[in-house]
Structures are given as C-alpha cells and as structure tokens.
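> Kindly generate the corresponding structure for this input.
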Amino acid sequence: MTSPAAAGHLSSTRFDAVLFDLDGVLTSTAALHTACWKRVFDAFLDSWTQLTGDAQPPFDPSGDYLRFVDGKPRAAGVRDFLASRGIALPEAEHDAAPGDDSVQAVANSKQELVALELAEGNVEAFPGSIAWVHVLHDDGLRTAVVSSSENCRAVLDAAGIGELFEAVVDGTVARELALPGKPAPDTFLEAARRLDVEPGRTVVVEDALVGVAAGRAGGFGLVVGVARSAAPADLHEHGADIVVADLEEMLEPEGRSSR
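Numbers count the residues shown, from 1 in each chain. Predicted coordinates for the structure are as follows:
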C-alpha cells in the first residue's frame, strides 16, 4: 500500500490530474444530505406503515445511508433503500412533484429539503481539502469534481470554491449523457476525458464506498479514500490504495502510514 507521505506532493511526472468527490471530501454537506434523507425516508416509512400495516423501523443515518444511499444518484438511493425494506415504487419522470407515490417523487422531496438548506448557506469546505487543492495546483496538477449530486455547482458556489476546478461532472451531466452512476466508473472517466488526461495518470479521491469502487473499476492510477463515515478497512476493501481521515494528512511531509 502507498502511504500518504508518498502521495502528498503528487509528482507531475507520474500524475496529471486529481478528481474529487464533493460531499464529505471537499465540503461538509454529507451530514446535510444524511439529515435530509432521514427526514424524507422516516416520513415515507411512517406513511407506508399506516397505509399497509407493515411496520418499518426508521431510516438508520449510519448503516442505511452508507449501504444504500451514499454516493449514488438520488433515484438510485431511493430505489436501493426501499428495496432493502421490501418496498417497490413505480418510476416516474425525473421532475415528478415531491411526494411518496414514485421513486422520483421521494427523491425530489429530499431535493426540496436540500435546496432549503443551501439557501440558508449551510455549506462549508474542509480547510485541509482546499489547502491540498492549492498544493496540487502549485505542483502543476489539474483538478475536477465528480459528484452524483445535482446540487454540485450550487454547493461549490455556496462554499466559494467553484473556481478551483476546471471541470465538473455531476448528477445533471450524468443524466444528460445517460452515464450510469457510481460504482460504475463512467462519471470519473468523463471527467478525465474533459481534462484530456489518461485514467492511469489520474487520482480519484472519494469518501463513499461506491465512489472508491468506481475509481478502482476505472483503472485510475491512485484511489484515495477519506474515512469521514466509512471505516478505513471498508474503503481499502472496496479499492482504496490509501486512506486518510482528512486530506490535510496529504500535506504532512512525513505523512502517516496507510490505515
């Protein structure tokens, strides 16, 4: 395994670019998304219980989120979580009105809550992550953001970091190009294409298990896992070459050994 010390100042002779996930890697919005999902799913499960008599435990913001929702497009997260409870909803148009009568309606209920939170300015960038982005630029590497979120650009703007990235491949781009979401590598590969870099000379940085798996599946030169919620061992198991608790560790001249 590579250590953070070996990767902290990425050599431009080995790598050309770094692709960052957004929520939980660059910004603290992962907690915001988790809270919004819990509100939506708990309301849905309560209604489902009243309608069918099939009592359902509440959404677990740790286990359920990491297993079924984290890193995925909204509709996929709804579909996979409800399937884990033996519930199947019909499909609808992407812009279906928020509610609980289709996969997209549930997904858009969550989107409404996120939009309200973003309007309140509840977005912060992780200082260590942004400091490392600046170091990468100084070392001649290019950077892009790859996120399943359709709020990606709004989050980047709210955090004041949008200008740090040459390309953004988000949920909107994926939908327009019909790209499968993580753990498929297609969105990362599209970002590499937009930067005109080879995957083998590109680094992927992710905190979600499906995102790490996508980086490994895409044949990228290095996959960095950020252990904000997922366990370091699970990130390694899904394909991370190195794991750090915060990207500020990538700034340490002596680094810490891989977890």
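> pLDDT score assigned to the closest residue to V69 other than its chain neighbours?
If the residues on either side of it in the chain are set aside, V69 comes closest to G77, at 3.8 Å by C-beta to C-beta, 6 or more residues apart in numbering. Where C-beta positions appear, they are placed from N, C-alpha and C, glycine not excepted. G77 carries a pLDDT score of 94 in this model.
> G77 and F68 touch, don't they?
Yes: the pair G77 and F68 qualifies as a contact (C-beta atoms under 8 Å) at a distance of 6.4 Å.
> Pick out whichever of those two has more residues nearby.
Regarding G77 and F68, a neighbour count based on other C-beta atoms under 10 Å identifies G77 as having more, with 25 against 22.
> which residue ranges form the helices in the stretch 101-250 of the chain?
103-119, 127-138, 152-159, 171-177, 186-195, 209-217, 232-238 (DSSP state H, counting those that start in this stretch).
> For this protein, which segments are assigned as strands?
17-20, 142-146, 167-169, 202-206, 222-226, 242-244 (DSSP state E).
> Quick check: the residue nearest to V69 vs G53, distance?
Applying C-beta to C-beta, to the nearest Å, one obtains 26 Å for the distance of G77 from G53.
> ok, the nearest residue to G221 once chain neighbours are set aside - how many residues close by?
Counting by C-beta to C-beta, 6+ apart, G221 lies nearest to G200, which is 4.9 Å off, once chain neighbours are set aside. Here the number of neighbours of G200 (other C-beta under 10 Å) works out to 14.
> same check, this time on K72
Neighbour count of K72, defined by other C-beta under 10 Å: 21.
> Which neighbouring residues are in contact with it, exactly?
Neighbour list for K72: 80, 148, 181-182, 210 [criterion: C-beta atoms under 8 Å, 6 or more residues apart in numbering].
> ok, now V25?
Each residue near V25 by C-beta under 8 Å, 6+ apart is listed here: 126, 129, 205-207, 226, 228, 247.
> List the contacts of the residue nearest to V69.
Applying C-beta under 8 Å, 6+ apart as the definition, the contact partners of G77 turn out to be 37, 68-70, 107.
> From those, pick the one nearest A154.
A107 (16.6 Å; C-beta to C-beta).
> Skipping its backbone neighbours, what lies nearest that closest one in space?
R74 (3.9 Å).
> wait, doesn't the one you found sit right on V103?
No: R74 is beyond contact range of V103, at 9.0 Å (criterion: C-beta under 8 Å).
> So the two - more neighbours on which side?
More neighbours surround R74 than the other of R74 and V103, with 26 against 20 (other C-beta under 10 Å).
> Please tell me how far the more buried one sits from G121.
The gap separating R74 from G121 is 22 Å, by C-beta to C-beta.
> Could you list the domains of this protein?
4-28+123-251, 31-119 (automatic domain parsing).
> ok, E206 - contacts?
By C-beta under 8 Å, 6+ apart, the contact list for E206 reads 21, 25, 71, 212, 214-215, 223-226, 240.
> how about 6 Å then?
When the contact criterion is C-beta atoms under 6 Å, 6 or more residues apart in numbering, the partners of E206 are 21, 212, 215.
> Closest one to E166 out of those residues, please.
D21 (16.0 Å).
> Next, give phi and psi for that closest one.
Dihedral angles phi and psi of D21 (degrees, to the nearest 10) take the values phi -70, psi 160.
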